[in-house]
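Visitor: Provided below for reference: sequence and predicted model.
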Amino acid sequence: MLNFIYYPVSAIMWFWHKAFGFVFGEASGIAWALSVVFLVFTLRALLYKPFVSQVRSMRKMQEFAPEIQKLKKKYGSDRQKMAAEMQKLQSQQGVNPLGGCLPVLVQVPVFIGLFHVLREFRPGKTENYFFGAPEVESFNQASLFGAKLGAWVTQGDAALRAIGTSIPNMLIVMIPLMIAAGIFTHITARHSVARQTEAQAANPQAAIMNKLMLYVFPIGVVVGAPFLPLAVLLYWVSNNLWTLGQQYFVYKRIDAEETAKREEEAAVRQARAPRPGQKPNRGGDAPEPAVDATADDSTPATEEAPDARPAKKPGAKPVTSKPNGTTPNGAKPTGKSGGTNGSAASRNGRSTGGGSRPPAARRGRKRR
């Protein structure tokens, strides 16, 4: 039924047994134990890229943490609505809430396959998927510190003595492996949960899975150890050791990448920012015209300089202004008001003092 799992698992274990059997001997317990350990390493190496993708997905969830806070304030009392809106938000962001639990879920079929293959190493069996009859016999005869890799404590003392071991010999190897498996399972689970974002922790499915990883799985390993072959305990310990090392390496690498990215963005923003004392260019604004520092600020640009005015002729009377706005000698201004002449003169760029002669001065010249 599950041959698509059993055959690949047995094939990988067969390969490593041949490799280490060439060094330690095919009947050696060390060769069989290392074949189980490197079976774990091979499978975890194949799952390395999916693990990195899951970590990046978890980091992406940090970007919409403010949206999670808004949903909590809006639907804090309605858990069902809160869960629905949370799933909708995660779907929009393209994030899987159970992404952090995927490595454990993927290892379940591998664990089942390994457990079944090891249980099939029974005396009298002529084959075990990729293993032939001589290899089945070699596995049954191999021992690790007096304990059989394919045996378990609950088989009973009589059955264990029949295959060349005993309960005390099994306990000497089983207890350290059992404790190590439980501790490492809890540590790896805690390390994974600590890296989860607020969005994952708020998801009900993820919260349930976190509790299973932190407490149920470690306790299950300790309680189930007497019912498991020693090779399965080896698998569990080596699997958690790999997970700890992989998490440390991957998280450190991704942290360094994100730090470098933030520093690069900060450098770009600093380069684009205006320098101290420089006005920011608002895009399309024409540059201000240059101002001559030697020009007199009180003199308009359209007014002629005083030394450019025409000189007064001999005999001309000076022009004086009267309070009623009339010109000298009683002549009335030609405009509607006294201010009009002044305005026109100002527009033409001439002043009333020397730019034109009054009518009285012209009449005096004709008489002479």
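Guide: Arrived safely, thanks for sending. On a predicted model such as this, the values are computed, not experimentally measured, just so you know.

Visitor: alpha carbons only for contacts and neighbour counts from here, please
Guide: Will do.

Visitor: just checking, residue 150 touches residue 116?
Guide: No - the criterion here is CA atoms under 8 Å, and residue 150 misses it with residue 116 at 10.9 Å.

Visitor: Look at the two and report which has more neighbours.
Guide: residue 150 (22 against 17; other CA atoms under 10 Å).

Visitor: where in the stretch 51-200 of the chain is pLDDT low?
Guide: For the stretch 51-200 of the chain, the stretches with pLDDT under 70 are 61-63, 65, 93-104, 195-200.

Visitor: Just the helices from it, written as ranges.
Guide: 65-74, 79-93, 102-119, 133-141, 157-162, 167-194, 198-202 (DSSP state H, counting those that start in this stretch).

Visitor: I'd like to check the angle between the first one and helix 79-93, please.
Guide: Same thing as helix 65-74. 160 degrees (axes from the mean of the first three to the mean of the last three CA atoms, to 10 degrees).

Visitor: Give me the helices and strands touching helix 65-74, please.
Guide: helix 79-93, helix 198-202 (3 or more CA pairs under 8 Å, 6 or more residues apart in numbering; DSSP states H and E).

Visitor: can you rerun that using 7 Å?
Guide: Applying 3 or more CA pairs under 7 Å, 6 or more residues apart in numbering; DSSP states H and E, we find helix 65-74 packed against helix 198-202.

Visitor: that older thread, switch the helices of the stretch 51-200 of the chain over to JSON lines; also include distance to residue 8.
Guide: JSON lines is the format used below for these (distance: least, CA to CA, whole Å):
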{"stretch": "helix 65-74", "distance to residue 8": "42"}
{"stretch": "helix 79-93", "distance to residue 8": "34"}
{"stretch": "helix 102-119", "distance to residue 8": "9"}
{"stretch": "helix 133-141", "distance to residue 8": "17"}
{"stretch": "helix 157-162", "distance to residue 8": "29"}
{"stretch": "helix 167-194", "distance to residue 8": "24"}
{"stretch": "helix 198-202", "distance to residue 8": "33"}
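
Visitor: and of these, who's closest to residue 13?
Guide: helix 102-119 (9.1 Å; CA to CA).

Visitor: which other residues reach the closest one?
Guide: 5, 6, 9, 10, 51, 150, 232 (CA atoms under 7 Å, 6 or more residues apart in numbering).

Visitor: CA atoms only for it, dumped as PDB, please.
Guide: Extracted C-alpha coordinates of helix 102-119, given in PDB (Å, rounded to 0.1, in the frame of the first residue of the first chain):
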ATOM      1  CA  LEU A 102       5.800  21.700   7.300                       C
ATOM      2  CA  PRO A 103       9.200  20.100   8.100                       C
ATOM      3  CA  VAL A 104       7.500  18.000  10.800                       C
ATOM      4  CA  LEU A 105       4.600  17.100   8.600                       C
ATOM      5  CA  VAL A 106       6.900  16.000   5.800                       C
ATOM      6  CA  GLN A 107       9.000  13.800   8.100                       C
ATOM      7  CA  VAL A 108       5.900  11.800   9.200                       C
ATOM      8  CA  PRO A 109       5.800   9.600   6.100                       C
ATOM      9  CA  VAL A 110       9.600   9.100   6.400                       C
ATOM     10  CA  PHE A 111       9.200   8.000  10.000                       C
ATOM     11  CA  ILE A 112       6.400   5.600   9.100                       C
ATOM     12  CA  GLY A 113       8.500   4.200   6.300                       C
ATOM     13  CA  LEU A 114      11.600   3.700   8.400                       C
ATOM     14  CA  PHE A 115       9.600   2.100  11.200                       C
ATOM     15  CA  HIS A 116       8.000  -0.400   8.800                       C
ATOM     16  CA  VAL A 117      11.400  -1.300   7.200                       C
ATOM     17  CA  LEU A 118      13.000  -1.900  10.500                       C
ATOM     18  CA  ARG A 119      10.100  -4.000  11.700                       C
END
